[in-house]
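Trainee: pasting the sequence and the predicted model now:
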Amino acid sequence: MQDNTIEVVSPPALDIVYYFNELANYLSAHSPSILSGLFSSGSVLIGYLVGLSIVISVVLIIGIVYSVERLKHIRKLEDKIYNAKVDPGYETIEKANPELENKWIKVTAKIESDNESDWRQAIMEADIILEDILIKLGYQGDSIGERLKRANKGDFNTLDQAWEAHKIRNLIAHEGSSHPLTKFEARRVINLYQQVFREFFEF
């Protein structure tokens with residue numbers, strides 16, 4: 001059974017106390033020289049305000065730098081966890097697959113029909129075969145789109161064809177009959193699916 005435990009991402013620890021102590025020591029040692037020009041003018045209040053604003057500014061800068069570094073670390077960990085490449089398992093998959101082949105025969109029969117609804121149904125069913133293949137190859141995700149995002153051209157030569165065919169399928173599914181579909185276009189889309197399927201199986 002697959003372990004679905006979610007790793008909690010935590011940022012690296014940073015010794016804030018050390019930095020504040022260093023800041024306090026620096027200001028204690030240099031505050032007379034920093035504010036001497038202001039105090040000499042007789043405007044003690046303005047000098048204190050300026051001095052306080054310097055301290056606050058330095059503290060905010062440290063906070064910003066610290067926050068940015070924490071976010072960078074978290075992003076790196078998230079990238080390792082959620083965007084990890086999936087090693088495809090097609091090397092262990094038998095090229096002959098009677099179940100998928102039977103589904104494909106039904107698709108090709110519908111695409112030869114003169115009925116536009118059959119063409120649309122053929123594309124929908126071809127997309128289901130694509131999902132079956134992606135699952136068999138080991139790509140994870142809740143949808144075909146998520147699984148395709150985890151693939152790369154290094155181990156999926158027909159990735160572009162899969163994306164194009166799937167996007168047209170989505171247009172047909174979401175727009176229905178309002179999305180124009182000629183027999184020529186339907187055959188072109190089915191041919192895209194066929195190119196993908198033949199990369200991994202003998203169809």
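Mentor: It's in. Keep in mind the model is a prediction, meaning the values are calculated, not measured.
Trainee: where does this structure dip in pLDDT?
Mentor: Where the chain drops to pLDDT under 70, the residues are 1-48, 50, 77-95, 203.
Trainee: tell me the domain ranges of it?
Mentor: The chain is divided into the following domains under automatic domain parsing: 16-82, 90-200.
Trainee: single out the most deeply packed of those domains.
Mentor: Across these, the average number of neighbours (mean count of other C-beta atoms under 10 Å) peaks for domain 90-200, which reaches a mean of 16. Heads up, the C-betas are built off the backbone N, CA and C, glycines and all.
Trainee: can you give me the helices in the chain?
Mentor: Taking DSSP state H as the criterion, the chain carries its helices at 16-40, 44-82, 98-111, 116-137, 144-149, 159-175, 183-200.
Trainee: got the contact list for Asn157?
Mentor: Glu199 (C-beta atoms under 8 Å, 6 or more residues apart in numbering).
Trainee: would you mind measuring from it to Ser177?
Mentor: Asn157 is 34 Å from Ser177, where distance means C-beta to C-beta, to the nearest Å.
Trainee: what sits against the nearest residue in space to Glu164 that is not next to it in sequence?
Mentor: Closest residue to Glu164 apart from its sequence neighbours, by C-beta to C-beta, 6 or more residues apart in numbering: Leu192 at 5.7 Å. Counting by C-beta under 8 Å, 6+ apart, Leu192 makes contact with 161-162, 164-165.
Trainee: and if we set it to 7 Å?
Mentor: Taking C-beta atoms under 7 Å, 6 or more residues apart in numbering, we find Leu192 in contact with 161, 164-165.
Trainee: Glu131 now?
Mentor: With contact set as C-beta under 7 Å, 6+ apart, Glu131 has these partners: Ile144.
Trainee: can you rerun that using 10 Å?
Mentor: Applying C-beta atoms under 10 Å, 6 or more residues apart in numbering to Glu131 gives the contacts 139, 141, 143-144, 147-148, 166.
Trainee: of the residues you listed, just say which sits nearest to Asp118.
Mentor: Checking those against Asp118 by C-beta to C-beta gives His166 as the nearest, at 19.7 Å.
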